[in-house]
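1. one predicted model, sequence on top.
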Amino acid sequence: MHSDAWPLSSATADIVQRFSAGALAVQIWEFFSSLTSEVEYLSSDGLSLVKCLYIWSRYVLFVVQVIVHGPRIPQLCVAANIHRTVSGQIAISALETILVVRVYAFYTGHKSARRFLKVLFVVGFVLQVIGNAYIIRHLLAAFSCHIPDISSGLLYFGAGAGLNQSTIIILTTAKYVVGYRQGWARTPLVFVMIRDGAVVFLILSVILGVIISNELLERLSLAFWHTAFSWYITLLSIAGCRLVLNMRQIANEANATAVASPQLTSINVTQSSSALLSLTSTTR
């Protein structure tokens, strides 16, 4: 059981536990810091796919976090590990769907690009599910509180997540390059799309890279697994919520600019901002 390959001293274990609790504290802090924008968003318009994903990213992942920090019952440790695996998959799928919706709106009028995005997203999702199926199978086979060798599952999962994130960042950058050459990409809407996409790509790359590399080297203890998952949930929750709020705010501002100064606003920006507002506000 490789999860004991790196035993922790009591002092180190205490630090790791505090760091894990910090993930919950950051998640709570982020909730209150964006409460005003959240209330305004959730109380406006009707229900939409993106709004459901927002609620999931905010509240369901908070419940997951609370459960993770609850009392650990040895008899339920296998069920707890499976719960983390399933919750982690749903969490990243929600975030990736939000990112795909943003890029989808960015490519309004480009059916081939949208179809390409859908196909690769499905392929990436299937790879992630296959990876988690391997992980759950190993957890059930071991039927122990110790985490067995799940490197094969993590590699499939990492490949799927990498494919989705790479597709999103490449399509966003490609659209930006085209728009820059045509002169309409130098707007707050496009800047936020590029910035948020790059930040999420970097965060997920670092988290998954650390987890997979340490798993392959058989270095992670159970305490580190617990901490890594806590921060994984926190960062996915914050990223998902911030993406939605930022995209709605910037789309509102872009539409307001288009109404005030239509001669200064590109049709590409107008279509993209209208599509974003439609996707985040009303049921399609």
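-> Yep, that arrived. Numbers count the residues shown, from 1 in each chain.

2. in the stretch 151-284 of the chain, which spans are strands?
-> In the stretch 151-284 of the chain, no strands are defined using DSSP state E, counting those that start in this stretch.

3. distance of Tyr104 relative to Leu235?
-> 23 Å (C-beta to C-beta, to the nearest Å). From N, CA and C alone the C-beta is placed, and that goes for glycine too.

4. kindly apply the preceding question to Leu61 instead.
-> Per C-beta to C-beta, Leu61 is found 10 Å from Leu235.

5. which of these two has more residues huddled nearby?
-> Set Leu61 next to Leu235 and count neighbours by other C-beta atoms under 10 Å: Leu61 wins out with 23 against 20.

6. what is the mean pLDDT for stretch 209-220?
-> Per-residue pLDDT over stretch 209-220 has a mean of 63.

7. what number of residues lie near Arg195?
-> 11.

8. check Ser20 too.
-> 20.

9. my guess is it contacts Thr227, does it?
-> Yes: using C-beta atoms under 8 Å, Ser20 is in contact with Thr227, at 4.1 Å.

10. tell me the SS of Arg72?
-> coil (DSSP: H, G, I helix; E, B strand; the rest coil).

11. show me what contacts it?
-> Ala80 (C-beta atoms under 8 Å, 6 or more residues apart in numbering).

12. cool, and the one 4 residues further on?
-> Not one residue lies near Leu76 by C-beta under 8 Å, 6+ apart.

13. and the residue nearest the centre of the chain, what's its pLDDT?
-> Most central in the chain under C-alpha atoms, centre = their mean is Leu95, positioned 3.3 Å from the mean C-alpha point. Note on Leu95: pLDDT of 91.

14. what's the closest non-adjacent residue to it?
-> Spatially, and ignoring its direct neighbours in sequence, Leu95 is nearest to Gly240 (4.6 Å; C-beta to C-beta, 6 or more residues apart in numbering).

15. my guess is that neighbour contacts Ser57. True?
-> Yes: counting by C-beta under 8 Å, Gly240 touches Ser57, with 3.3 Å between them.

16. perfect, I'm done here.
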